[in-house]
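**Q** After the sequence you'll find the predicted model.
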Amino acid sequence: MMSASNTYMAVFLGSKTSPRRAAWDGLSEGDRRAKEREGMAAWGAWVEKHQASIVTLGGPLGKTKKITQQGIEDSANEMGAFTIVRADSHEAAARLFDKHPHFTIFPGDAVEIMPVLPIPGR
């Protein structure tokens, strides 16, 4: 089991209706593919640079299903991907994502970083 100590979950957020996403969607297929290649190369370089801090690389998230007492339904949110990292502090964990390609190349909006807390009573 993963220790919660100094462990942080990063959630990559992106709005499907933001002006940056509209501009991305407006690119020609060739231009968008070139940007995707540039972004994936930059993301790979980010992974290489921070691999000592990465606990779980995670990955892209697909369509969402939400289950409540009323049942299961399709749902939408702004979560696009996740990664689990280890750092000495919350601030240090956040700094790992400074100038990340998610929002410097790709049309993502933000990366939110939150500590993984111990399960109470364990």
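**A** Noted; the coordinates are in hand.

**Q** where does the protein dip in pLDDT?
**A** The chain contains residues with pLDDT under 70 at 1-4.

**Q** Start from the N-terminal end of the chain and give the strands.
**A** Per DSSP state E, the chain carries strands over the ranges 7-13, 54-60, 64-68, 71-75, 79-86, 110-115.

**Q** Pipe those into TSV and attach mean neighbour count and distance to Gly26 per row.
**A** Using the backbone N, CA and C atoms, a C-beta is placed for each residue, glycine as well. As requested, the strands of the chain are exported to TSV (neighbours: other CB atoms under 10 Å; distance: least, CB to CB, whole Å):
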stretch	mean neighbour count	distance to Gly26
strand 7-13	19	21
strand 54-60	13	22
strand 64-68	10	26
strand 71-75	9	26
strand 79-86	19	19
strand 110-115	16	21
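
**Q** JSON lines please, covering these and showing distance to Thr104.
**A** Shown next, in JSON lines, are the strands of the chain (distance: least, CB to CB, whole Å):
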{"stretch": "strand 7-13", "distance to Thr104": "13"}
{"stretch": "strand 54-60", "distance to Thr104": "18"}
{"stretch": "strand 64-68", "distance to Thr104": "26"}
{"stretch": "strand 71-75", "distance to Thr104": "29"}
{"stretch": "strand 79-86", "distance to Thr104": "15"}
{"stretch": "strand 110-115", "distance to Thr104": "11"}
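
**Q** Before I go, just wanted to say thanks for your time.
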